[in-house]
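Peer 1: Based on what follows, work out the 3D shape:
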Amino acid sequence: MKTLIKLDLNKLISNKLLFLLFGLTIFSMDERITQTLSSQQFILYIFTEHYYLTYLMMPIFMLSIYSSLDDDMEYILIRSTSYWNYFKGKLAVYGIFSFMFVIAQFVVAFIMSIGLRSDNNFNVPNNPSYELFGYYSQHFSSVTQATFINCIYMIAGLFIVSIAFFTINNFFSKKVSTKIMIIVYILMIFGLKIDKVNNLPIVFIDNYIIFHRNFGYDLKLFINILTMTTVLIVVCILNKKYWNKKLKIKDIRKNKISYYKRLLFSRYNIVMICSVLILMSFWGLLKGNSSFESMNDYLVNLFVGHPVNNIRIIEFLEMLVLNTTPIYIIAIFLEQESSERSLFINIRFGKGIKWMNSILKTSMLFVVSYVLLNIAIPIAIGIFNNIPITSQVIQLSTNIFIIKVLDLSLQVLVLILLYSLSKNMTLSFLSLLLLNSLCFLPFKWCLYLPFGISSLSRFKYIGDYGLTLIPVIIELSAFILLSFIYIEKFAYKKILID
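Peer 2: Here you go, the predicted model:
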């Protein structure tokens, strides 16, 4: 067993740990030059600096765990005599590695603190960077005690996280484990920006690694320790009783997403959409000079669209880019599939109406996915630009999502109608752009035109005059229903006939 533990530790203790220690040395040197802390305070500061912990320590730790998730050779399992013994060896390996991982950082921080004055109290200069010292002083009698508890808590948390990923790898695959690692790390980053969300148990792994995350509310430390204990017990039970079970997550791309969904949700299309949304989100920041009082102001500024009875070319182009990007992709997709439909596809669907329904379902799913990204990406960028989040952002985001999905869904259906009449996708798409430009007309009834009605400038979000949500939902739903009925009865036949 000792030999097997040494083999696993050699996988974990690699150049990645040396890189971390080198990075910590550089970070400590910079902090030592700019800070006026005592030796004890300096070490505690290193172990509470969330930028270092989040952007350097955790990625290195996860990479180390990732490198150890390869399936072991059969002779290792044979020498262990049973899987439970093999798992206990893994417990020892990850426990020792977590201990060495933290202690190595402590040693570097201690070495870098040599020469500083000695002060084991929490008396620090009045600086926002030292805000956490005030919280620690309420729970600990000395800085050394706080540092010791920080290290113990971090060792325990890293151990639980590593064992959890090992178990996921055992019951699923390394690919699934990697995806989950990426997701939880992204959530961890978001947790830095949204304190209220970070208070949720289980979801954010930094709650089990960084001790001062427990200062959120009174029972948070108890909940986190209880969660870690529960995870450890569940992991042990799973590996002891069900170690030989292999759970499978169906590959969505192969089993659940149809042929057309794989085409429309191609990597090229997703990259193009994300690129456009990121550019438009930053454009919204630049347009507002990055001086938004809340996330609501930023979202309203981004989704304001174009008002009626007016001509504002820049705002109109912004609206077109956000609204017609997914429609343009769907237009290309529809034209290719209607003109290059193979004999295999015809036989597979049997009836033309089934083919049309598949096109419609895929297009609607694409629209919903696009709108979700259209809201999520700006919020993420706003968070990283420290735009305050208010309680109203959920309601505003929900309203935007509903009207935007309905607006774009109707425009997709109208595009299909135009294409069934003209048999020319370019002409159909240009006609749709022309319908969006009707907002230029100097008539009050243009406020109710369904094309581009998701622009917030038409609602009471901007000023006291404008539309309200419920009438718009009813109007768009009625138009969508009529368009869908026409396509199901007549339009699909015209598209099928070459």
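
Peer 1: can you count the residues close to T468?
Peer 2: Using other C-beta atoms under 10 Å, T468 has 9 other residues around it. Yep, even glycine has a C-beta here, placed from its N, CA and C like the rest.

Peer 1: need the contact list for S118.
Peer 2: Counting by C-beta atoms under 8 Å, 6 or more residues apart in numbering, S118 touches 38-40.

Peer 1: So it: helix, strand or coil?
Peer 2: coil (DSSP: H, G, I helix; E, B strand; the rest coil).

Peer 1: Let me know the distance separating it from A146.
Peer 2: S118 is 16 Å from A146, where distance means C-beta to C-beta, to the nearest Å.

Peer 1: can you tell me which of the contacts of S118 are in helices?
Peer 2: 39-40 (DSSP state H).

Peer 1: top of the contacts of S118 by neighbour count?
Peer 2: Q40 (23 neighbours).

Peer 1: who touches that residue in this structure?
Peer 2: Q40 neighbours (C-beta under 8 Å, 6+ apart): 113, 118-120, 142-144, 147.

Peer 1: Make a markdown table from the residues you listed and add distance to R32 to it.
Peer 2: What follows is these, written out as a markdown table (distance: C-beta to C-beta, whole Å):
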| residue | distance to R32 |
| --- | --- |
| S113 | 8 |
| S118 | 15 |
| D119 | 15 |
| N120 | 18 |
| S142 | 21 |
| V143 | 16 |
| T144 | 19 |
| T147 | 16 |
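
Peer 1: Centre of the chain to the helix or strand where V300 lies, how far?
Peer 2: Using DSSP states H and E, V300 sits in helix 295-302. Centroid separation for helix 295-302 versus its chain: 20 Å, with C-alpha atoms, centre = their mean, to the nearest Å.

Peer 1: tell me which residues of that helix are tucked away?
Peer 2: Across helix 295-302, burial judged by 16 or more other C-beta atoms under 10 Å covers 295-300, 302.

Peer 1: Stretch 227-238 too?
Peer 2: 228, 231-232, 235-236.

Peer 1: Output that stretch in CSV with nothing but the alpha carbons.
Peer 2: Coordinates of each C-alpha in stretch 227-238 appear next as CSV, following Å, rounded to 0.1, in the frame of the first residue of the first chain:
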residue,chain,number,x,y,z
THR,A,227,-21.9,19.5,4.0
MET,A,228,-18.3,18.4,3.9
THR,A,229,-19.0,15.6,6.4
THR,A,230,-22.0,14.5,4.4
VAL,A,231,-20.1,14.5,1.1
LEU,A,232,-17.3,12.4,2.7
ILE,A,233,-19.8,9.9,4.1
VAL,A,234,-21.7,9.6,0.8
VAL,A,235,-18.5,9.2,-1.2
CYS,A,236,-17.3,6.5,1.1
ILE,A,237,-20.6,4.6,0.9
LEU,A,238,-20.7,4.9,-2.9
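
Peer 1: Now do that stretch: everything it contacts.
Peer 2: Here stretch 227-238 has contacts from 87, 156-157, 160, 163-164, 167, 171, 201-202, 208, using C-beta under 8 Å, 6+ apart.

Peer 1: Can you turn the buried part of those residues into a PyMOL selection?
Peer 2: Here is the PyMOL selection string for the buried members of the contacts of stretch 227-238, based on 16+ other C-beta under 10 Å:
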select buried, resi 87+156+157+160+163+164+167+171+208
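
Peer 1: in the stretch 101-250 of the chain, which ranges drop under the pLDDT threshold?
Peer 2: 193-202, 244-250 (pLDDT under 70).

Peer 1: and F451, which of the three is it?
Peer 2: Under three-state DSSP, F451 comes out as coil.

Peer 1: Can you verify my assumption that it contacts F440?
Peer 2: No. Using C-beta atoms under 8 Å as the test, F451 is too far from F440 to be in contact (11.8 Å).

Peer 1: out of the two, which sits in the busier spot?
Peer 2: The residue with more neighbours, out of F451 and F440, is F451; 20 against 15, by other C-beta under 10 Å.

Peer 1: and the gap between L433 and A331?
Peer 2: L433 is 11 Å from A331, by C-beta to C-beta.

Peer 1: Of those two, which one has the most company?
Peer 2: Comparing L433 with A331 by other C-beta under 10 Å, the one with more neighbours is A331, at 22 against 14.

Peer 1: Please export the C-alpha coordinates of stretch 323-338 as PDB.
Peer 2: Extracted as PDB, the C-alpha positions of stretch 323-338 are listed here (Å, rounded to 0.1, in the frame of the first residue of the first chain):
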ATOM      1  CA  ASN A 323     -32.200  40.800 -33.100                       C
ATOM      2  CA  THR A 324     -31.100  39.500 -36.500                       C
ATOM      3  CA  THR A 325     -27.900  37.600 -35.700                       C
ATOM      4  CA  PRO A 326     -29.800  34.400 -34.800                       C
ATOM      5  CA  ILE A 327     -32.300  34.900 -37.600                       C
ATOM      6  CA  TYR A 328     -29.500  35.200 -40.100                       C
ATOM      7  CA  ILE A 329     -28.000  31.900 -38.900                       C
ATOM      8  CA  ILE A 330     -31.400  30.300 -39.100                       C
ATOM      9  CA  ALA A 331     -31.900  31.700 -42.600                       C
ATOM     10  CA  ILE A 332     -28.700  30.100 -43.800                       C
ATOM     11  CA  PHE A 333     -29.600  26.900 -42.200                       C
ATOM     12  CA  LEU A 334     -33.200  26.800 -43.600                       C
ATOM     13  CA  GLU A 335     -32.000  27.600 -47.100                       C
ATOM     14  CA  GLN A 336     -29.400  24.900 -47.100                       C
ATOM     15  CA  GLU A 337     -31.700  22.300 -45.700                       C
ATOM     16  CA  SER A 338     -34.600  23.100 -48.000                       C
END
